[in-house]
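Engineer: Sequence and predicted model, in that order:
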2 protein chains.
Amino acid sequence: MQELSFGQYSLVYNAFSFTFATMAAATLFLWFGRSQVGHAYKTALTISGLVCAIAAYHYFRIFESWQSAYDIKNGVVVASGYAFNDAYRYVDWLLTVPLLLIELILVMRLSAEETVSKATKLGAAAALMIVLGYPGEIATDIPTRILWGTLSAIPFVYIMWQLFAGLGASINSQPESVRELVKKARLLTFASWGFYPIVYMIPYTSLSGSNVIVGVQVGYTIADVIAKAGVGILIYMIATRKSQVEYGDPAHA
Amino acid sequence: MQELSFGQYSLVYNAFSFTFATMAAATLFLWFGRSQVGHAYKTALTISGLVCAIAAYHYFRIFESWQSAYDIKNGVVVASGYAFNDAYRYVDWLLTVPLLLIELILVMRLSAEETVSKATKLGAAAALMIVLGYPGEIATDIPTRILWGTLSAIPFVYIMWQLFAGLGASINSQPESVRELVKKARLLTFASWGFYPIVYMIPYTSLSGSNVIVGVQVGYTIADVIAKAGVGILIYMIATRKSQVEYGDPAHA
């Protein structure tokens, strides 16, 4: 394991603790919000909260794994011999990334058939994307990382194409007061998801050693906060506004 | 205890962590769903959630037992001398397998007498199936494993016969919009349950040593996720659709 400075170790440590707190707080916010939206939007908030809850669990585990991977004594960081478990992220994404797409579809309130068909297609593509990325993440050589990263990019491009082309018509049928918000949620999903491949490619760059470790850990952490808590808040805003339009305010629920 | 490679150890470790997170998330999803279905379907969701909650508890214990059964230092996995507790699975199944059949019966909303009679018969057969399987699971020789496995197959066949022949008429009396979903739930129950005897028979095959351990642990884990969380989601979908048909939307509850 690469040598880390105390500052580098602490930066990652504190980023993990921050993210655990953020995800847990977002979970509760979204679940409390269930009682403030109309019937049709409760499941979207349940699932947005679940995404943050699952992430909170994994950040708690990641935090503990990071702690046990290093011994710190008198400001010197030494690998403890226990491996840092990178797989937690992929296990998390395997569950949360399909759910993130499902929450976006649910808040649009499409017909039952369209909801099931889009959720199935996008959910499956998302799971495939994660599964294909993992062998590259744990690869020790760059060509293997590039191979799996490129394969994983195929479902990624498909999802983005579906979000922009496939959901375009449905977005235009949303009430006017939320159309811009739905577009923002889609854009934030696109922007935060676009961050993951960039982090994935850090080891390709001229950065080396401990800088790669810190860059990858902090990078994925920022992307997770935006993609899960950030998008969750937008889903909440869309659900409240649509409830006002469709159920009246405050006589809904 | 057999020697495991670090990759094998990690695969099982991460599969257990994944399953804990999945079961806990499914529990909350199903319990939140209680407020979104009609009166008659609340118990089905309560019990579906309980099945996942009990499984989450046991996967947490299994995860910890797995961790304590091995010492890992510098990528080398050595048995710690503490036995991995396989009995957690059977304790879990003794509780959850009868409940899984009961949730399937409850969501069909049969008459009170039929519900009690079918739940008692199927629940008792399920408990018997688990009790008979356990002596084979912990047996150190193959003939003993085969003997108890075969005895356990008798209630298994009875349950499957009941699900297909006995519940056939009741399924045809379900509202048309959910008939296919109920059949899917039954099929998923059949397919995921059929997976357990296959995993049980892994030690009969030419696989040996650590491959058997990994195959059995990962195999049971996949089967549990499908049989509990997967079937639970279908129960939720059936309950919501039937609520719409029978209570109207959204004036139920």
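Structural biologist: Now that the structure is in, tell me what you want to look at.
Engineer: Read off the pLDDT value for residue A:108.
Structural biologist: Looking at residue A:108, its pLDDT reads 88.
Engineer: An error on my part: the question was meant for residue A:206.
Structural biologist: Residue A:206 carries a pLDDT value of 76.
Engineer: Repeat that for residue A:2.
Structural biologist: Per-residue pLDDT puts residue A:2 at 61.
Engineer: Could you report the neighbour count for residue A:155?
Structural biologist: 20 (other CB atoms under 10 Å in any protein chain shown). C-beta: built from backbone N, CA, C; applies to glycine.
Engineer: Same check on residue A:89?
Structural biologist: Residues contacting residue A:89 under the criterion other CB under 10 Å number 23.
Engineer: List the residues that contact it.
Structural biologist: A:58, A:62, A:220 (CB atoms under 8 Å, 6 or more residues apart in numbering or on different chains).
Engineer: Secondary structure class of it, three-state.
Structural biologist: Following DSSP: H, G, I helix; E, B strand; the rest coil, residue A:89 is assigned to helix.
Engineer: that older thread, among the contacts of residue A:89, which are located in strands?
Structural biologist: Judged by DSSP state E, strands contain none of these.
Engineer: Go through those residues and say which is closest to residue A:138.
Structural biologist: Nearest to residue A:138, judged by CB to CB, of those is residue A:220 at 14.2 Å.
Engineer: Could you count how many residues lie near the spatially closest residue to that closest one that is not a sequence neighbour?
Structural biologist: Once flanking residues are discounted, residue A:220 sits nearest to residue A:199: 5.4 Å by CB to CB, 6 or more residues apart in numbering or on different chains. For residue A:199, the neighbour count with other CB under 10 Å is 17.
Engineer: From the contact counts, what lies against the strand or helix carrying residue A:199?
Structural biologist: Per DSSP states H and E, residue A:199 falls inside helix A:176-200. Judged by 3 or more CB pairs under 8 Å, 6 or more residues apart in numbering or on different chains; DSSP states H and E, helix A:176-200 is in contact with helix A:87-107, helix A:112-137, helix A:142-161, helix A:168-172, helix A:210-224, helix A:231-247.
Engineer: Give me the angle between the third one and helix A:112-137.
Structural biologist: When axes from the mean of the first three to the mean of the last three CA atoms, to 10 degrees is applied, the directions of helix A:142-161 and helix A:112-137 differ by 170 degrees.
Engineer: Likewise for the first one?
Structural biologist: Per the same axes, to 10 degrees, the angle that helix A:87-107 makes with helix A:112-137 is 160 degrees.
Engineer: and residue A:232, how far is that from chain B?
Structural biologist: For residue A:232, the distance to chain B equals 15 Å [CB to the nearest CB, to the nearest Å].
Engineer: Around chain B, pick out the residues from chain A.
Structural biologist: The interface of chain A toward chain B, taken as CB under 8 Å from any CB of the partner chain, is made up of A:31, A:34, A:38-40, A:42-43, A:46-47, A:50, A:53-54, A:57-58, A:61, A:81-83, A:85, A:87-88, A:91-92, A:94-95.
Engineer: Now, those that are in helices?
Structural biologist: Among these, the members falling in helices (DSSP state H) are A:31, A:42-43, A:46-47, A:50, A:53-54, A:57-58, A:61, A:87-88, A:91-92, A:94-95.
Engineer: In ChimeraX, select just the buried ones from those residues.
Structural biologist: What follows is the ChimeraX syntax selecting those of those that are buried according to 16 or more other CB atoms under 10 Å in any protein chain shown:
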select /A:31,42,43,46,47,50,53,54,57,58,61,87,88,91,92,94,95
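Engineer: how about the helix or strand bottoming out on mean pLDDT in chain A: buried residues?
Structural biologist: When each helix and strand of chain A is scored by mean pLDDT, DSSP states H and E, helix A:168-172 comes last, with a mean of 82. Using 16+ other CB under 10 Å as the test for burial, helix A:168-172 gives A:170, A:171.
Engineer: list the helices and strands it packs on?
Structural biologist: helix A:176-200.
Engineer: contacts for the helix it packs on?
Structural biologist: Helix A:176-200 is contacted by residues A:100, A:104, A:107-108, A:133, A:136-137, A:145, A:149, A:153, A:156, A:159-160, A:163-164, A:167, A:171-172, A:174, A:215-216, A:219-220, A:222-223, A:226-227, A:230-231, A:234-235, A:237-238, A:241-242, A:245 when judged by CB under 8 Å, 6+ apart.
Engineer: in it, what's buried?
Structural biologist: By neighbour count on 16+ other CB under 10 Å, the buried set for helix A:176-200 is A:178, A:181-182, A:185-186, A:188-189, A:192-193, A:195-196, A:199-200.
Engineer: The helices and strands packed on helix A:176-200 into TSV, with extra columns for distance to residue A:24?
Structural biologist: TSV is the format used below for the helices and strands packed on helix A:176-200 (distance: least, CB to CB, whole Å):
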stretch	distance to residue A:24
helix A:87-107	14
helix A:112-137	23
helix A:142-161	27
helix A:168-172	31
helix A:210-224	13
helix A:231-247	12
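Engineer: tell me, how many neighbours does whichever residue of the stretch 1-150 of chain A sits closest to chain B end up with?
Structural biologist: Of all residues in the stretch 1-150 of chain A, the one sitting closest to chain B is residue A:39 (3.9 Å; CB to the nearest CB). Here the number of neighbours of residue A:39 (other CB under 10 Å) works out to 18.
Engineer: isn't residue A:90 right next to residue A:130, touching?
Structural biologist: Yes: judged on CB atoms under 8 Å, residue A:90 makes contact with residue A:130 at a distance of 6.0 Å.
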